[in-house]
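**Student:** Here's a sequence, model it:
(chains A and B)
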2 protein chains.
Amino acid sequence: VRVISVSQEGEFSLIARIAARLTEGPGVLLGAGDDAAVVAAPDGRVVASTDLLVEGRHFRRDWSSAYDVGRRAAAANLADIVAMGAQPTSLLVGLAVPGDLPIEWVESLADGLRDEAALVGASIIGGDLSGSEAVTVAVTALGDLRGRAPVTRSGAQPGDAIVLIGRPGRAAAGLALLTAGRRDHLLVAAHRRPDVRYAEALALAERGATAMIDVSDGLVADLGHVAAASGVRIELIGAAIPVDEDVAAVAEELGVDVFDWLAGGGDDHCFAASIAAEATSELTVIGTVVVGEGSVVVVDREAPKLSGHEHFRS
Amino acid sequence: VRVISVSQEGEFSLIARIAARLTEGPGVLLGAGDDAAVVAAPDGRVVASTDLLVEGRHFRRDWSSAYDVGRRAAAANLADIVAMGAQPTSLLVGLAVPGDLPIEWVESLADGLRDEAALVGASIIGGDLSGSEAVTVAVTALGDLRGRAPVTRSGAQPGDAIVLIGRPGRAAAGLALLTAGRRDHLLVAAHRRPDVRYAEALALAERGATAMIDVSDGLVADLGHVAAASGVRIELIGAAIPVDEDVAAVAEELGVDVFDWLAGGGDDHCFAASIAAEATSELTVIGTVVVGEGSVVVVDREAPKLSGHEHFRS
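**Tutor:** Numbering: from 1, shown residues only, chains lettered A, B, ... in the order given. This is a model prediction of the structure:
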């Protein structure tokens, strides 16, 4: 099999190859191929967020497939839009890659971006391609609020419950396994490609969530942002955070306190939200909002050791 | 003077420093600091474009200041929005930088992005920060069509005139000077920071431009995109392209055919457009649209040698 590299293929030809793999949703009024795209914003407001994934910092090419990097890059951005209670409509992707990268890698990345976006009915509407030493994926996601107020970080009210959507700790456990040289465990897939519960988060916004956040730095760290923005104290019940059996088993195997992964691990793109206590039927309640000074406390144990991560210090 | 690096400062603290330098325009309903921003899209449609600038490919830190890189990164994206006839509203910026970069560099970059955006009344509404080996600036711009149809690349009609906004060749001459070891010439500034005529391009859209493009790959190459998308032939009159005196002088000094820079140089972010021949009063007409097969010909001389650039081949 002859492998064609990005530099052999050339920029314009590669862009045409990528474009041929993409599909356009109904809200795309003018897709990729012009100076800019045009997307419907029926609400009259547009929600926008951007995230970078850098090879060697956020992923390794020997640990994750191009397809999984695409899924994850899209997921990180779509989760931010959904955390505002908005319906994602579109993605724009800036991609910088080494010239010797096989074009199949770029094509698979595009497939991953497309497929993750399709989970919420969003399309890739534009992009840019450049050379670089390390693969860098810069994704911007746009969304529509459908007439609702955005669910910000600043709306948590004393008396609200804190609820959790998703299974925290799985990506952290997967990364620990990869770091330990294990690539065969099912949790490795959770690091490579998060399973984001977009529909549940949107339903929670509809149900009246007062604040919501995409958990990307860890539950305690991210609820800290909610507490600070809302000017409240969040009391987290450590024992109420659901312990995934697989995560618990890996924690025991690797000699890690599972709570560090549950409350401190990011990259699962769980959603944490505050909502009136009487509206929590069938939800996973993990804490309460009380009058206070913008902090998070874990009421039944010590705070997790691994809490948030700073990209220049990791 | 003690120089503090990005890694000494830390991610969250640096983000706070950047945020403190930014200003929010009237259309920003929820600015940076939440999972996503919310911007007014009164037209009910949003125009969006993204561009990457990579150190060593698009700029050199010893040739351009951080402030100029910020101005240029914003300009490249704002020009794409304006080329659609849309009013830019906002920018999102993904920034990857080495840990040893002084924080002043990042602050100046943010100032440059802010000041270029302010020229068209746009604001920086969000971003992401990561580590990397080379500085990478990924900008996404959003805009509003204010009730007008987008001015695409596909609307050029036989009989239209081709008009030009801006002074092509200045950035190419500046880059040639830098490459030749000259940093003192006034055209070097044209490479570092393009002087983009946003208001003239928006006025041209109002006047009824049938197609428009941001000239970033060179006049002939970019009009080639218009010709292909519109299914027409564009006849360019080489002698009608205004020759900047400074550019002509540098071309002579460096032994370059000035036409190669005028018709083949990118990065000035000039605008080329088609418009009904009777609507060209006081505009710079450089060619005509005729029935044909999607190509550009220069009717009075040979095509430029330097025509477009592919990032993996440069």
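
**Student:** Now name the helix or strand holding A:Ile234.
**Tutor:** strand A:232-236 (DSSP states H and E).

**Student:** and after that strand, which helix or strand comes next?
**Tutor:** helix A:245-254.

**Student:** Where does the residue nearest to the spatial centre of chain A sit: helix, strand or coil?
**Tutor:** The residue lying closest to the centre of chain A (CA atoms, centre = their mean) is A:Ala76, at 2.6 Å. What DSSP: H, G, I helix; E, B strand; the rest coil gives for A:Ala76 is helix.

**Student:** need the contact list for it.
**Tutor:** A:51, A:53, A:139, A:216, A:269 (CB atoms under 8 Å, 6 or more residues apart in numbering or on different chains). Every C-beta, even on glycine, is put in place using the N, C-alpha and C of the backbone.

**Student:** pLDDT on the strand holding A:Ile234, on average?
**Tutor:** In this model, strand A:232-236 has a mean pLDDT of 98.

**Student:** same check, this time on stretch A:105-125
**Tutor:** 97.

**Student:** Tell me the residue of the stretch 101-250 of chain A that sits nearest chain B?
**Tutor:** Chain B sits closest to A:Ala138 of the stretch 101-250 of chain A, with a gap of 3.3 Å, by CB to the nearest CB.

**Student:** Who does that residue form a beta bridge with?
**Tutor:** Counting by DSSP bridges, A:Ala138 is bridged to A:Leu52, A:Gly94.

**Student:** Can I get the host helix or strand of A:Val46 in CSV? Just the C-alpha atoms.
**Tutor:** Assessed by DSSP H and E, A:Val46 sits inside strand A:45-54. What follows is strand A:45-54 as a C-alpha-only set of coordinates in CSV (Å, rounded to 0.1, in the frame of the first residue of the first chain):
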residue,chain,number,x,y,z
ARG,A,45,-28.3,34.9,19.2
VAL,A,46,-25.4,32.6,18.5
VAL,A,47,-23.5,30.6,21.2
ALA,A,48,-19.8,30.1,20.4
SER,A,49,-16.8,28.3,22.0
THR,A,50,-13.4,27.3,20.9
ASP,A,51,-10.9,24.6,22.1
LEU,A,52,-7.4,23.5,21.0
LEU,A,53,-6.0,20.0,21.0
VAL,A,54,-2.3,19.8,20.6
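
**Student:** List the buried residues in the lowest-mean-pLDDT helix or strand in chain A.
**Tutor:** In chain A, no helix or strand scores lower on mean pLDDT, DSSP states H and E than helix A:11-21, which sits at a mean of 89. Neighbour-count burial for helix A:11-21 flags A:11, A:14-15, A:18 (criterion: 16 or more other CB atoms under 10 Å in any protein chain shown).

**Student:** helices or strands up against it?
**Tutor:** When contacts are defined as 3 or more CB pairs under 8 Å, 6 or more residues apart in numbering or on different chains; DSSP states H and E, helix A:11-21 sits against helix A:103-118, strand A:123-131.

**Student:** residues making contact with the strand holding A:Ile234?
**Tutor:** Residues contacting strand A:232-236 (CB under 8 Å, 6+ apart): A:156-158, A:162, A:219-220, A:223-224, A:226-227, A:263, A:286-299.

**Student:** Parallel or antiparallel, list what pairs with that strand.
**Tutor:** Strand A:232-236 is paired, per DSSP bridges, with strand A:284-291 (antiparallel), strand A:296-298 (parallel).

**Student:** Mind putting these into TSV with mean pLDDT and mean neighbour count?
**Tutor:** Putting the strands paired with strand A:232-236 into TSV (pLDDT from 0 to 100; neighbours: other CB atoms under 10 Å in any protein chain shown) gives the following:
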stretch	mean pLDDT	mean neighbour count
strand A:284-291	98	18
strand A:296-298	95	20
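
**Student:** In contact with A:Val290, which residues?
**Tutor:** A:158, A:232-235.

**Student:** For it, which residues count as its bridge partners?
**Tutor:** A:Arg233.

**Student:** ok, it to A:Ala273 distance?
**Tutor:** 16 Å (CB to CB, to the nearest Å).

**Student:** Over to A:Val3?
**Tutor:** 46 Å.

**Student:** Same question for A:Arg207.
**Tutor:** 9 Å.

**Student:** quick one, which of the two is more surrounded?
**Tutor:** With neighbours defined as other CB atoms under 10 Å in any protein chain shown, A:Arg207 and A:Ala273 compare such that A:Ala273 has more, 28 against 15.

**Student:** That one: what's it in contact with?
**Tutor:** Per CB under 8 Å, 6+ apart, neighbours of A:Ala273: A:151, A:162-163, A:165, A:201, A:204, A:209-213.

**Student:** How about the secondary structure of it?
**Tutor:** Assignment for A:Ala273 (three-state DSSP): strand.

**Student:** Just the buried residues of stretch A:5-12, please?
**Tutor:** Within stretch A:5-12, judged by 16+ other CB under 10 Å, the buried ones are A:6-9, A:11.

**Student:** Export those residues as TSV, with columns for secondary structure.
**Tutor:** Formatted as TSV, the buried residues of stretch A:5-12 follow (three-state DSSP):
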residue	secondary structure
A:Val6	helix
A:Ser7	helix
A:Gln8	helix
A:Glu9	helix
A:Glu11	helix
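
**Student:** between the residues you listed, which is closest to A:Gly181?
**Tutor:** A:Val6 (30.1 Å; CB to CB).

**Student:** what does the stretch 51-200 of chain A put close to chain B?
**Tutor:** Selection of the stretch 51-200 of chain A residues close to chain B by CB under 8 Å from any CB of the partner chain yields A:51-54, A:57-58, A:79-81, A:83-84, A:86, A:90, A:92-96, A:99, A:125-134, A:136, A:138, A:140-143, A:145, A:150, A:152-154.

**Student:** Do a quick rundown of the helices in the stretch 151-300 of chain A.
**Tutor:** Secondary structure of the stretch 151-300 of chain A (DSSP state H, counting those that start in this stretch): helices located at A:170-179, A:188-192, A:198-206, A:219-230, A:245-254, A:258-264.

**Student:** want to try JSON lines for those, with distance to B:Gly181 and mean neighbour count as columns?
**Tutor:** As requested, the helices of the stretch 151-300 of chain A are exported to JSON lines (distance: least, CB to CB, whole Å; neighbours: other CB atoms under 10 Å in any protein chain shown):
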{"stretch": "helix A:170-179", "distance to B:Gly181": "47", "mean neighbour count": "24"}
{"stretch": "helix A:188-192", "distance to B:Gly181": "47", "mean neighbour count": "22"}
{"stretch": "helix A:198-206", "distance to B:Gly181": "54", "mean neighbour count": "19"}
{"stretch": "helix A:219-230", "distance to B:Gly181": "49", "mean neighbour count": "23"}
{"stretch": "helix A:245-254", "distance to B:Gly181": "56", "mean neighbour count": "17"}
{"stretch": "helix A:258-264", "distance to B:Gly181": "52", "mean neighbour count": "25"}
